[in-house]
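> Return a 3D structure for these sequence lines:
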Amino acid sequence: KKSVDYERVSKIGKVIDPNSIKYKLLIGLSDYVVSSQAENYVFNPLGVGGTYVRDQYHFKYVFLQHGIIKDDLSPWLNVNTKKMDMFVTSAQPEYDSLLECKYYFGPEVVKLTGLPRYDTLVNKSKEIKTENKIMLSLTWRNGLASIINKETGKREYNPEFKNSNYFKFLNNLMNDKNLQKIMKEKGYKIRFIPHPNVLVQLQDFKQNEFVEICDSNIDYQKEFCQNKILITDYSSVFFDFCYLKKPVIYYQEDIEDFYKEQLYDKGYFEYDEMGFGPAFDNYDKFIAELINIVKNDGKLEKKYEDRIDKFFKYHDKNNCERVYEDIINL
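Coordinates of the predicted model:
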């Protein structure tokens, strides 16, 4: 109940403390467990003790996903490690990869329905005005993680963080004089949305009037609607952002080393052929293209719009309905 989301979610429906006995009993009595998460605690709240009652779980598990899969997550998500009765996908290449790769799920499990949250994303995009803002959101690098304080449960400050290329890129970008010049002319600002692991390092960054640094309480759908341009590297946030037909630019200086540090491998998604915007491994070329995008007031190029249209299976507001129908058909 201490979660910042408890009150917000309580306005939608009944909320049960996952640490309560009632929650554990209801899981055991459930016909369906529907979740955007696939960690063991979702469908086995007893933890290690669940070993003794696992044969008493009779629910069908529906994995809604918390994004679109573009990388190879098969070591984590496969038929031998996860009990899946339904696996939601949103794009034909994503759907095909789950059937063809080392996941070992069949078409009776993997369904091409679209993400339910895209229904509300489209609705919000009509209610929330797009502003002259650039969303800056990078994925994390596991090699930069500092230790977790056992008492607070939070990561401690890492004095070596500011020596990393990850930090240098972000700090240089936010303080780039050429970019600031065109931003001032066009009335733009950067909305820096740091990864949760970066929050403890915010004191390292040189701040200025052109950058708004967000805290941990982020409404991502609001950010997708409000911002006009997205800067990212490998983060799957670009799928949601570009679903709204907005431009993205990727900076991938460390693409060769990136997957060596991560818990997953490179998947089917090829940025040069499938990316929804230009990708760069050179800072000067990257910043020059970003300035051009700002000069053009965030207009999406036709070839990237075509790629977006081709990638997503559905561009309607019926994702929830399709997911619901497939759950009922289980």
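> Please count neighbours and contacts with C-alpha atoms only from this point.
OK.
> Strands along the stretch 1-150 of the chain, start to end?
32-35, 60-63, 86-89, 110-112, 133-136 (DSSP state E, counting those that start in this stretch).
> want to throw those strands into a markdown table with distance to K295 and mean neighbour count?
Below are the strands of the stretch 1-150 of the chain laid out as a markdown table (distance: least, Cα to Cα, whole Å; neighbours: other Cα atoms under 10 Å):
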| stretch | distance to K295 | mean neighbour count |
| --- | --- | --- |
| strand 32-35 | 42 | 16 |
| strand 60-63 | 42 | 21 |
| strand 86-89 | 36 | 24 |
| strand 110-112 | 38 | 19 |
| strand 133-136 | 13 | 23 |
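> any weak-confidence spans in the stretch 201-330 of the chain?
Counting by pLDDT under 70, the stretch 201-330 of the chain has low-confidence residues at 261-263.
> at 90 instead, please
Within the stretch 201-330 of the chain, the ranges that satisfy pLDDT under 90 run 215-218, 254-267.
> now the helices: where do they sit in it?
220-226, 237-243, 255-261, 271-274, 283-295, 302-311, 319-329 (DSSP state H, counting those that start in this stretch).
> mind listing what's buried in the third one?
The reference is to helix 255-261. For helix 255-261, the neighbour count (16 or more other Cα atoms under 10 Å) marks F258 as buried.
> And stretch 230-238, by the same measure?
Of the residues in stretch 230-238, L230, I231, T232, D233, Y234, S236, V237, F238 count as buried by neighbour count, 16+ other Cα under 10 Å.
> can you check stretch 176-183 too?
Residues L179, Q180, M183 are the ones in stretch 176-183 that count as buried (16+ other Cα under 10 Å).
> Next, count neighbours for the closest residue in space to the first one that isn't next to it in sequence.
This points to L179. With sequence-adjacent residues excluded and distances taken as Cα to Cα, 6 or more residues apart in numbering, L179 is closest to I291, at 6.1 Å. By other Cα atoms under 10 Å, 18 other residues sit near I291.
> before we move on, what about E156?
Neighbours of E156 under the rule other Cα under 10 Å: 15.
> Go ahead and confirm it touches A145.
No - look at E156 against A145 with Cα atoms under 8 Å: they stay out of range, at 9.2 Å.
> thinking again about what came up before, export the strands of the stretch 1-150 of the chain to a markdown table and tack on distance to F280 and mean pLDDT?
Shown next, in a markdown table, are those (distance: least, Cα to Cα, whole Å; pLDDT from 0 to 100):
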| stretch | distance to F280 | mean pLDDT |
| --- | --- | --- |
| strand 32-35 | 36 | 95 |
| strand 60-63 | 34 | 96 |
| strand 86-89 | 28 | 97 |
| strand 110-112 | 31 | 98 |
| strand 133-136 | 15 | 98 |
